[in-house]
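[1] only geometry, no sequence info:
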Ligand code: AMP
């Protein structure tokens with residue numbers, strides 16, 4: 001199929017052509033016709049499937065079919081994203097695909113000055129891309145009026161709920177007109193998502209490109225069993241031996257992200273860490289340096305990495321498995337994007353075998369495993385519960401190890417990390433994620 005069959009106007013087709021896209025991805029070819037019919041959409045699509053263009057292209061097309069002047073503080077399209085990074089990336093896509101159209105858009109998220117955001121809203125906008133916290137701040141200050149929203153797009157709805165945004169979302173929805181078109185994108189379908197869908201979508205068309213909770217076919221997955229204490233040197237060996245040029249490495253905690261990136265820098269590998277404790281400027285710079293190739297290894301926590309749009313990422317390494325099985329799917333969704341093959345490697349120590357089981361159950365397949373010569377796990381090391389400092393065990397459907405005093409794992413003790421430190425991905429309730437720096441406020 002070609003884009004010309006999708007009934008998009010010439011300025012949009014021109015921008016698509018300039019991006020070098022020759023044909024729509026499955027989510028685009030399925031979703032765009034429904035959206036152009038005015039239908040609500042429930043799309044099960046993870047990042048890397050081309051979902052952003054899947055909603056941005058028809059959204060721009062619908063605006064061109066019904067031109068209206070902008071009105072002070074009002075917006076015609078509201079796009080809500082869970083993180084600042086994702087908001088920025090969606091905003092970039094809106095500008096890219098809309099570059100030959102006259103629409104005004106703005107991105108609003110927390111962590112940066114609110115005054116320029118207020119000023120752009122005052123002038124009137126066609127499209128507003130926002131994270132929930134800052135949007136509610138702006139609504140509270142009467143700088144944005146949602147009563148004219150024609151289209152509401154909820155991107156990465158599952159992650160919104162994971163991050164504890166449900167009440168914020170409900171507040172926003174209460175301010176939207178009843179008569180509107182709503183598009184909801186989610187990589188996974190929990191009961192909470194189903195409940196949200198039934199309350200905000202009207203007779204939605206369902207679009208599902210990769211079955212929810214399955215990992216991308218294009219990603220080669222591999223597990224390497226290795227002792228916890230030897231993961232760092234194994235990773236360095238893999239990077240140097242294989243001459244990897246661009247690797248996204250995941251840790252469960254901010255502390256481990258920092259520690260690992262410091263180590264890599266020390267041995268001469270350009271690396272940067274990205275997590276919720278880093279300021280917006282540092283995160284943007286780390287991502288830009290990684291994209292440009294100046295930084296080869298980006299070490300990230302789950303929340304910080306959410307929504308990172310990096311073309312053709314060849315390698316993802318799970319330095320530590322996530323304690324939430326769904327996060328594994330999101331992590332490996334960073335590679336094998338839009339038709340490119342990728343490799344996802346997980347370094348798994350004895351403490352993480354339960355996490356691995358949970359992941360394999362979720363993706364419904366066994367991940368091939370191997371042991372690297374010289375890095376064979378020591379059979380005398382017994383599994384220890386992964387306590388707070390190691391990643392706050394007890395993700396969805398996984399039993400939480402009781403946290404006892406002096407129950408630090410060997411890794412924590414080595415790190416000198418106290419057990420009161422909260423990992424970024426730790427949740428107080430199974431489905432609620434609290435993070436200090438990345439909630440978009
Ligand atoms: P997304 O799933 O929206 O994060 O998009 C993943 C990547 O796919 C982005 O880098 C897009 O630039 C790219 N992409 C989107 N649509 C297409 C397409 N039709 N052909 C090739 N690449 C695309």
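    Yep, it's here. Note that the structure is predicted; figures quoted are calculated from it, not measured. Numbers count the residues shown, from 1 in each chain.
[2] make it CA atoms for all contacts and neighbour counts henceforth
    Fine.
[3] any idea how far residue 269 is from residue 191?
    Between residue 191 and residue 269 the computed distance is 43 Å (Cα to Cα, to the nearest Å).
[4] Just want to know which of these two has more residues nearby.
    residue 269 (18 against 9; other Cα atoms under 10 Å).
[5] Please, which helix or strand holds that one?
    Using DSSP states H and E, residue 269 falls within no helix or strand.
[6] wait, isn't it in contact with residue 296?
    Yes - at 7.3 Å, residue 269 and residue 296 qualify as touching, with contact defined as Cα atoms under 8 Å.
[7] Give me the number of neighbouring residues for the nearest residue to residue 71 once chain neighbours are set aside.
    In this structure, residue 71 finds its nearest non-sequential neighbour in residue 124, 4.9 Å apart by Cα to Cα, 6 or more residues apart in numbering. Other residues within reach of residue 124, judged by other Cα under 10 Å, total 21.
[8] Look up how far residue 135 lies from residue 279.
    For residue 279, the distance to residue 135 equals 19 Å [Cα to Cα].
[9] Neighbour count: those two, which is higher?
    The residue with more neighbours, out of residue 279 and residue 135, is residue 135; 24 against 14, by other Cα under 10 Å.
[10] The more buried one: helix or strand, and which one exactly?
    Under the assignment given by DSSP H and E, the secondary-structure element containing residue 135 is helix 132-140.
[11] residues in contact with the helix or strand just after that helix?
    Toward the C-terminus, helix 132-140 is succeeded by strand 151-154 as the next helix or strand (DSSP H and E). Applying Cα atoms under 8 Å, 6 or more residues apart in numbering, the set of residues contacting strand 151-154 from outside is 55, 59, 76-81, 180-185.
[12] quick one: average pLDDT of strand 151-154?
    Computed over strand 151-154, the mean pLDDT rounds to 98.
[13] try stretch 179-186
    When pLDDT is averaged over stretch 179-186, the result is 96.
[14] related to what we said a few turns ago, my guess is the residue nearest to residue 71 contacts residue 76. True?
    No - with contacts counted by Cα under 8 Å, residue 124 stays clear of residue 76, the gap being 9.7 Å.
[15] so residue 182 sits in a helix?
    No - counting by DSSP: H, G, I helix; E, B strand; the rest coil, residue 182 is located in no helix; its state is strand.
[16] Run a quick neighbour tally on it.
    For residue 182, using other Cα under 10 Å, the count is 24.
[17] residues contacting it?
    Going by Cα under 8 Å, 6+ apart, the list of residues near residue 182 reads 39, 40, 41, 151, 152, 153, 154, 200, 201.
[18] Just the terminal-to-terminal distance for stretch 219-232.
    One end of stretch 219-232 sits 23 Å from the other (Cα to Cα).
[19] Run a quick neighbour tally on residue 19.
    Residue 19 has 11 neighbours, counted by other Cα under 10 Å.
[20] Can you read off the pLDDT for it?
    So, for residue 19, pLDDT stands at 89.
[21] swap in residue 15?
    We have a pLDDT of 97 for residue 15.
[22] Kindly report the same for residue 85.
    For residue 85, pLDDT reads 86.
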